[in-house]
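> Generate coordinates for the sequence data below:
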Amino acid sequence: DTKNILLQMVKLRARRAKLFGVNTHAEYVINEQTAGSPKNVHKVLREIAPSAVKNARAEGEQLQRAIVEEGHTFELASWDWDMYAEKVRLAKHNVDTAAMRPYFELERVLHDGVFFAATKLFGITFQERKDLVAYHPQARVFEVRNEDGSPLGLYIGDFFTRESKRGGAWMNSLVDQNFLLGQLPVVVNNLNIPKPPAGEPALLTLDFTTTLFHEFGHALHGLLSQVKYPRVSGTSVQRDFVEFPSQVNEMWILWPEVVNNYAKHYKTGAQMPQVWIDNLKAAETFNEGFATTSYLAAAILDLAWHSVTEAEDVKDVNEFERKAIADYGLDYPPVHTRYRSTYFSHIFAGGYSAGYYGYIWSEVLDADSVEWFNENGGLTRANGDHFRRELLSRGGSIDSMQMFRNFRGRDATINPLLKRRGLA
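Predicted coordinates:
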């Protein structure tokens with residue numbers, strides 16, 4: 001039972017915030033982020049919440065009908081949601097992601113998908129250097145060059161799981177680009193793809209394919225950096241901004257020119273059936289009411305705990321949770337919050353205190369940027385150069401939101417995100 005530890009941490013964080021001259025830990029953290037203040041975060045989340053819950057309730061009604069059609073009489077509960085959502089997804093959109101794995105072979109996804117899109121956008125090229133030794137035999141080193149042949153940096157791909165590697169997926173910068181010392185970047189992407197038997201290809205799930213494109217977006221942020229000081233190089237930006245460029249890179253996964261180049265059967269070379277690709281696109285907004293509501297509930301819990309002042313004395317953790325979620329109108333029982341307070345390690349042990357909102361905050365920027373690419377012709381060198389010049393190359397050397405305005409021509413709006421998630 002972690003309740004007492006949790007309450008003590010909340011009180012200590014509030015006390016520290018007071019020592020730093022602000023009222024709450026949320027202010028202490030968010031005042032230094034692109035959001036600027038907890039008030040600004042709440043404004044955005046409250047714009048999203050009503051549509052999210054409305055869609056979640058409509059989705060719940062769909063799942064309840066599926067339960068009845070199977071001859072059952074029980075009411076939909078949170079533990080039923082995932083199973084019945086997959087049944088409805090398969091029936092409605094005919095999306096069987098397991099059948100797609102033969103079309104997502106790692107080498108094709110990497111070279112003909114991820115690298116291909118980067119070359120189209122930025123003119124950069126990738127050459128594997130088997131003569132260069134990385135930190136582990138499984139890690140592969142690629143030399144990255146600009147279109148004129150000048151060296152840009154090194155990209156290390158460490159794709160397979162092993163006992164000595166922690167779980168998840170991430171990007172690290174081993175050497176930060178900077179003009180001060182004349183250093184070129186060395187970046188690494190870590191994934192945890194199950195290693196296939198010797199001689200067999202690594203066939204990815206759609207989730208792993210998405211993860212590779214996402215993490216490579218972080219790698220591009222590091223590789224394309226052009227700043228003087230290492231401290232502001234590449235991904236050295238605010239936490240609620242750092243996911244934005246990597247999220248934008250996910251847009252190329254199903255982009256026609258890209259997916260038709262890499263999604264080919266590993267045995268026959270046949271392209272993935274177009275109807276499957278169309279079904280994937282049609283299913284993009286499926287279950288987004290649930291996903292958004294579940295996420296928002298967790299983000300709001302984070303903000304609620306870290307808006308507690310030093311003078312407040314919270315006694316009942318469960319009641320505190322209930323009130324915080326109900327205040328946003330997110331109290332819909334079939335949709336559980338992504339994390340309950342007692343095991344919400346992101347905010348109590350993982351460095352995301354008063355920062356869990358950042359995922360959707362950066363997605364607002366991402367969705368607006370994807371709309372810009374779509375409006376301006378998509379996967380073109382001119383678009384890539386603009387994105388590189390105004391944003392990716394700047395690292396944290398200028399204000400993040402000013403970078404976005406320089407790129408987009410205006411402040412971000414929430415409408416593209418609502419459309420993407422089917423909430424508009």
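> dump the residue contacts of the closest residue to Asp385 other than its chain neighbours.
The shortest distance from Asp385 to any non-neighbouring residue, by CB to CB, 6 or more residues apart in numbering, is to Phe122 (7.3 Å). Every C-beta, even on glycine, is put in place using the N, C-alpha and C of the backbone. Going by CB atoms under 8 Å, 6 or more residues apart in numbering, Phe122 touches Leu220, Leu224, Arg381, Gly384, Asp385, Arg388.
> Which one (most neighbours) among those residues?
Leu220 (30 neighbours; other CB atoms under 10 Å).
> Isn't it up against Leu392?
Yes - counting by CB atoms under 8 Å, Leu220 touches Leu392, with 6.2 Å between them.
> which neighbours do the two share?
Joint contacts of Leu220 and Leu392 (CB under 8 Å, 6+ apart) are Pro245.
> before we move on, the earlier item: pLDDT score assigned to the residue nearest to Asp385?
Phe122 carries a pLDDT score of 99 in this model.
> cool, Thr73 as well?
Note for Thr73: predicted pLDDT of 96.
> So it versus Glu59, what's the distance?
20 Å (CB to CB, to the nearest Å).
> More neighbours: the two, which one.
Glu59 (25 against 6).
> these two touch, right, that one and Phe290?
Yes - at 5.7 Å, Glu59 and Phe290 qualify as touching, with contact defined as CB under 8 Å.
> Report pLDDT for Arg338.
89.
> secondary structure element for the closest residue to it other than its chain neighbours?
Take Arg338 and drop its neighbours on the chain: the residue closest to it by CB to CB, 6+ apart is Ala298, 4.1 Å away. When elements are assigned from DSSP states H and E, Ala298 belongs to helix 288-305.
> Do me a favour and get the end-to-end distance for stretch 88-101?
This stretch, stretch 88-101, spans 21 Å end to end (CA to CA, to the nearest Å).
> which other residues reach it?
By CB under 8 Å, 6+ apart, stretch 88-101 touches 62-63, 66, 203-207, 263, 272, 276, 279-280, 282-283, 286-287.
> circling back: list residues touching both of Glu59 and Phe290?
Ala85.
> picking that back up, which pair in the contacts of Phe122 has the greatest spatial separation?
Leu220 and Arg381 (14.7 Å; CB to CB).
> Now do the strands in the stretch 101-250 of the chain.
Here the stretch 101-250 of the chain has its strands, by DSSP state E, counting those that start in this stretch, at 125-128, 140-145, 151-160, 170-175, 186-193.
> How far does the last one sit from its chain's centre?
Taking the mean C-alpha point of strand 186-193 and that of its whole chain, the gap between them comes to 15 Å (CA atoms, centre = their mean, to the nearest Å).
> elements contacting that strand?
strand 151-160, strand 170-175, helix 206-223 (3 or more CB pairs under 8 Å, 6 or more residues apart in numbering; DSSP states H and E).
> Of all those, which one is nearest Pro38?
Among the helices and strands packed on strand 186-193, helix 206-223 sits nearest to Pro38 (CB to CB), with 26.7 Å.
> Who are the contact partners of Ala291?
Arg421.
> got it, and Leu63?
The contact partners of Leu63, taken as CB under 8 Å, 6+ apart, are Leu76, Asp80, Trp81, Tyr84, Ala85, Val88, Pro334.
> swap the cut-off to 7 Å and go again
Leu63 sits next to Leu76, Trp81, Tyr84, Ala85, Val88 when contact means CB atoms under 7 Å, 6 or more residues apart in numbering.
> Most neighbours among those residues, please name it.
That'd be Leu76 among the contacts of Leu63, by other CB under 10 Å, with 22 neighbours.
> Just confirm it is within a strand.
No - Leu76: not assigned to a strand; according to DSSP: H, G, I helix; E, B strand; the rest coil it is coil.
> what about it, distance to Thr125?
52 Å.
> sec struct for the residue located most distally from the centre of the chain, please.
Farthest-out residue of the chain from its mean C-alpha position, per CA atoms, centre = their mean: Gly71, at 38.6 Å. On the three-state scheme (three-state DSSP), Gly71 is labelled coil.
> tell me the contacts of Glu243?
If a contact means CB under 7 Å, 6+ apart, then Glu243 has Gly358, Tyr359, Ser362 as its contacts.
> from what I can see the first one touches Phe241, true?
No - using CB atoms under 7 Å as the test, Gly358 is too far from Phe241 to be in contact (8.0 Å).
> Tell me which helix or strand Gln402 sits in.
Assigned by DSSP H and E, Gln402 falls in helix 400-408.
> and that helix, average pLDDT?
Across helix 400-408, the average pLDDT comes to 97.
> Could you point out the helix or strand that follows that helix?
Assigned by DSSP H and E, the successor of helix 400-408 is helix 415-420.
> before we move on, the earlier item: can you say which of the contacts of stretch 88-101 are buried?
Neighbour-count burial within those applies to 63, 66, 203-204, 206, 263, 272, 276, 279-280, 283, 286-287; the criterion is 16 or more other CB atoms under 10 Å.
> Show residues contacting the helix holding Gln402.
By CB under 7 Å, 6+ apart, the list of residues contacting helix 400-408 from outside reads 34, 237-238, 241, 365, 368-369, 372, 386-387, 390-391, 394, 411-412.
> Kind regards, and thank you for your time.
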